[in-house]
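A.B. asks: model this:
(3 chains, ligands or ions: 4)
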Amino acid sequence: MGNDSSTSAISLPLAGGGAERRRVVDRVVVTPPSARKEPARPASPSWFIAKVNPVTRIIGALLLCIPMFVSLDVVSASVALGLEVALLWIGGVDPIRICRSTWPVWIAAVGGFISVLLYGRTSGEILWTAGWIVVSEGSVYLACATFLRVLAIAVPGVVLALGLDPTDLADGLVQILHLSPRFVYGGLAGMRMFTLLQDDWRALGLSRRSRGLGDGNAIQRAFSQAFGLLVLSIRRATKLATAMEARGFGGEGPRSAARVSRLHPIDAVFCAICFVIPFIALGVAVATGNWHFSFQGA
Amino acid sequence: MPTTELSSTRAFEGSKRERHIIMAETVAKTNYKWRVVDIVVAAIIAVASGVIFWGWDVVCAAPLALFEAVTPGFEGLLNGFWLFAGPLAAIIVRKPGAALFAETLAAFLELTLGNQWGVGGSLIVGIMQGLAAEIAFAIFAWKQWNIGTTILSGALAGVACWAYYWMTNPGWNAMRVSWYLVGSIISGVIIAGALMWALHKAIAATGVLDRFASGRAEARV
Amino acid sequence: MRITPARVEAKDWGWRHATRKDFALRGLDFDIRPGEHVLLLGASGAGKSTLMAGLAGVLGGSDEGEQEGSLTIDGVEAGIARGKAGLVLQDPDSQIILERVGDDAAFGCENLAVPRDETWRRVRESLDLVGLKDIDLDRSTRHLSGGQRQRLALAGVLAMQPGLLLLDEPTANLDPEGVREVHDAVRDVLERTGQTMVVVEHHIDVWMDLIDRVIVIGHPDPDSHVGGVIADGRPDEVFGEYGDLLARGGAWVPGRAIPDRAPARVRADGDAAGEAGAAGTRDDHREPALATEDLSFGRGFPLGEHINLEFFAGEVTALMGPNGAGKSTLALTLAGLLKPLAGHVRVRADIAEGARGDEPDKWRSRELLGRIGMVFQEPEHQFAAALVRDEVAIGPKSMGADETRAYATADKMLERMNLSRFAKANPYTLSGGEKRRLSVASMLAGAPKILVMDEPTFGQDFTTWTEMVDLIAKVRDQGSAVIIVTHDEALVRALDARRIMFGFAGE
Ligand SMILES: Nc1ncnc2c1ncn2[C@@H]1O[C@H](COP(=O)(O)OP(=O)(O)OP(=O)(O)O)[C@@H](O)[C@H]1O
Ligand SMILES: Nc1ncnc2c1ncn2[C@@H]1O[C@H](COP(=O)(O)OP(=O)(O)OP(=O)(O)O)[C@@H](O)[C@H]1O
Ligand SMILES: [Mg+2]
Ligand SMILES: [Mg+2]
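C.D. replies: Numbering: from 1, shown residues only, chains lettered A, B, ... in the order given. Ligands and ions are numbered 1, 2, ... in the order given. Down below sits the predicted model:
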């Protein structure tokens, strides 16, 4: 068996089966499990964010975006976006990487831009009209502001969510925010089935193929397979619930935590940054006289 | 809870059969406590929905932008695919808070998969939609689980979705805001309401819901 | 540390699943003393898993079924005695709860409020015991093979150190090495902790040395489907007194003779005319029904490379080897479901006739029907219909049989597999062994020329096992090429199958 990965045939007289039978035993040599390492997924593309507690990450993302809702102007949005990109860069995510992971945001931002351009609140000189469409100086300005604001709100949110580990988040929700462990871990177990869903989807596809149900209209097949997946996953969930109860889950008694989820100084720093960015942005807008309350006429 | 079960069995034997059958279907359990299986099944529905939300994000990125750009707010009609997790989970597990729980979790998954909306457009709007969907069942004290409440739930989720997008797109003019509201509600009613009711019936027919009140109508074998 | 072993008492206990007419179990009366080690025996579908779930308190409330009498652990109603009993469920696939191996094993301890250091100590110890010590604690649980999952589930329960250890077919998917390891692990734990244990296993030889009592569940009234205790006592008593009864009821009593279903002898040497008869030896004149050419298979990265194997009509070939070796992956590749990473899988020309080419992975789904059939390791992946009968009829129907013919075939298959009374049941509600038989039945109903079966006999009692062996022998003798992935030595012997052993490089 000199060659690592080959098959060979050896004739072996086998006990029990009668010596006169010529038995062939083949061997298939496979890579050992120790050689099948799966690369670990980083908790975040940024070394800084990776050190932050997942709960803080979510809170930080909310802190970053909620204040931005009150103003619709070019200045606050571009200051916020600029600061965010710069800080992410310092944190180890360069602008190219940001653009690559947030490409859908850009499409959405362009969509937002056009919609406000054509159907935004009208003010100033009317530049162009056609049917329902009225493009005015005001709507051009609002459209630019909308474009930047969508980016300023969504880009950091998307980057912060990259690589977020649900288990760590669940630990944080229970230990830091003191949410009900029943719901958090029940939800987490459901979330983990997401990874199974992909495998189940593939397995369902294979089994349908082997049973002759794999041809025909692709869309119809996808729907039927999706329904199959939903049924299978509800089934899995039911069994999983039983398995969790069999391990003592769901009682009213106290529960310990095998993993510690704690807040560190870095979390405070992170929150402070997330808190400050929108205020600098809005502050600059106010100071330069560009502040513009969102729901005010243009 | 045994008391309600009794009354619903008796209902079938009553003389005014039709009315009672309707009652038996809609007057569900008074047991508001979540079992582990309720939590996990609601979670998996949320996960499946979250994947669809996300898929819809990707599929819709371009068409939505186009729709948004060239029509005065009709893209609200596409919203239904982000609204259904709450109503679906609610009518399957039938517990207070199911809609909120499922829609929030689905939105969270959508967020972690990465999309164009970030925390606001995934999570915040998800929580708002979940709350709104929940209200439909809450006003009936979580006792009415029928197609009517499901549709109401979908419609309210549509309103919540509209509210969020208006908030984030304050630049819109009044016409666009109204069209968006109308589209969002229609979509909520059809996709998140009526369609989910039908889907829940189809799932119940496969027999996997035999641990739930929603799936236990089948004959015994 | 020592654990207080639990006492179990059943008083006229019974359970009916909400969707079933009959009680699964009724009138159970027994008393298991603390520290006793009980083997629970019974035919497939007798109600063993139901009893185990009852003991673990996970059958659910009055919504999910109807309970009679009482079942208590240390005097506490089993339904609320959470944590006293730790159950390893029959289905390893559904027992993994968290994403990382270590977290999953620690889950039970957390629920019992075990302090952190103690939790991790127990986790490492129990992973060690079940033979998973080479796996990193933060390795993902999703790509573990069937056998590895089973071990992980056992580790999670062992770490809880429950007073009552419940094992529902804990070795069903394990390789022989794994069976020994799990057995030894359980023995060590029991020696150290003195827990009460109840184990369900069809192949009782595995546990004989640890057992001091046998409870047999069956149908006391042969005309009804209601289960009850039919024998209870020390192993020698039970096997001595009830040996015949057990044997008739389908138990794998010790020393039971395995039927010989070896293929009929080859007639004259080199006579390759009769395909059906020419089996058992590899005949150089015959063309293989299925062959691999320099195949490399795997999911993503190659598990094995440059594989050349041949499979002949009228012959059973067994793929055997350790858990996680890649047997299932190879089986899926052979069945034309996974694409080879390199090389080819080819089907003999006359079987491939009418299909596009001779490589099954390039065929359309319909073209696989009647040519290659696959039984998946996980039966639930295979179910596509809401009723058992429709499930079996899918194959014949898609091959163009009309309704009556398709259902006639289906009914015949169900009859043979002892599943007739579930014709109108939902596939998901069947017991473990019943599901397995259903998945085999629905594949056989399509009458494929090449059969690939992944662990076709797990969870079967002796009667259904023999029935399965007969069926496999029959299709083989009708000239199909049969490929089975299995850890079941008895099956390989009974069919006198050709073996293909998997081994890890460097061992
Ligand atoms: N969830 C369920 N709903 C309805 N019926 C069920 C359910 N689970 C099991 N049954 C039925 O109850 C009976 C006993 O099933 P159980 O799973 O306890 O059998 P078992 O002895 O463990 O068999 P096996 O050896 O095949 O695993 C079977 O007839 C089965 O079809
Ligand atoms: N869906 C999947 N995706 C990726 N890798 C997988 C998948 N299923 C299994 N594997 C990996 O492929 C390898 C081979 O798995 P496979 O299921 O073929 O083993 P097996 O020999 O059938 O083992 P067992 O006897 O335990 O069933 C294992 O390392 C496993 O972790
Ligand atoms: Mg069982
Ligand atoms: Mg396998």
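
A.B. asks: tally of neighbours for residue A:128?
C.D. replies: A count of neighbours around residue A:128, defined by other CB atoms under 10 Å in any protein chain shown, yields 11. Placement of C-beta: from N, CA and C, glycine included.

A.B. asks: Tell me, how many residues neighbour the residue in chain C that ligand 3 sits nearest to?
C.D. replies: Shortest chain C-to-ligand 3 distance, computed as CB to the ion: residue-wise this is residue C:49, at 3.1 Å. For residue C:49, the count of nearby residues is 23 (other CB under 10 Å).

A.B. asks: My guess is it contacts residue C:90. True?
C.D. replies: Yes. At 5.4 Å, residue C:49 counts as touching residue C:90 under the criterion of CB atoms under 8 Å.

A.B. asks: what do those two both touch?
C.D. replies: Overlap of the contact sets of residue C:49 and residue C:90 (by CB atoms under 8 Å, 6 or more residues apart in numbering or on different chains) consists of C:168, C:200, C:432.

A.B. asks: Can you give me the pLDDT of the first one?
C.D. replies: Read it as residue C:168. At residue C:168, the pLDDT value in this model is 90.

A.B. asks: Next, give phi and psi for the nearest residue to it once chain neighbours are set aside.
C.D. replies: Nearest-residue entry for residue C:168: residue C:90, 4.3 Å, with adjacent residues in sequence omitted and distances by CB to CB, 6 or more residues apart in numbering or on different chains. Here is the backbone geometry of residue C:90 (degrees, to the nearest 10): phi -70, psi -30.

A.B. asks: list the contacts for residue C:90?
C.D. replies: C:49, C:168-169, C:172, C:200, C:432, C:459.

A.B. asks: backbone phi and psi for whatever residue of chain C ends up closest to ligand 1, please?
C.D. replies: Chain C approaches ligand 1 most closely through residue C:433 (2.6 Å), counting by CB to the nearest ligand atom. Torsion angles at residue C:433 (phi, psi; degrees, to the nearest 10) stand at phi -70, psi -40.

A.B. asks: Hmm, residue C:461 and it touching each other?
C.D. replies: Yes. In this structure residue C:433 lies within contact range of residue C:461 using CB under 8 Å: 6.9 Å.

A.B. asks: Can you say which helix or strand has the spatially most central residue of chain B in it?
C.D. replies: Nearest residue to the geometric centre of chain B (CA atoms, centre = their mean): residue B:87, 1.7 Å. According to DSSP states H and E, residue B:87 maps onto helix B:85-93.

A.B. asks: chain center to that helix, what's the gap?
C.D. replies: The chain centroid and the centroid of helix B:85-93 are separated by 5 Å, computed with CA atoms, centre = their mean, to the nearest Å.

A.B. asks: could I have that helix exported to PDB, CA atoms only?
C.D. replies: Provided in PDB are the C-alpha atoms of helix B:85-93 (Å, rounded to 0.1, in the frame of the first residue of the first chain):
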ATOM      1  CA  ALA B  85     -42.100  35.800   9.400                       C
ATOM      2  CA  GLY B  86     -44.200  37.300  12.200                       C
ATOM      3  CA  PRO B  87     -47.700  36.200  11.000                       C
ATOM      4  CA  LEU B  88     -46.500  32.800  10.000                       C
ATOM      5  CA  ALA B  89     -44.800  32.000  13.300                       C
ATOM      6  CA  ALA B  90     -47.700  33.400  15.200                       C
ATOM      7  CA  ILE B  91     -50.300  31.200  13.500                       C
ATOM      8  CA  ILE B  92     -48.200  28.100  13.800                       C
ATOM      9  CA  VAL B  93     -47.100  28.300  17.400                       C
END
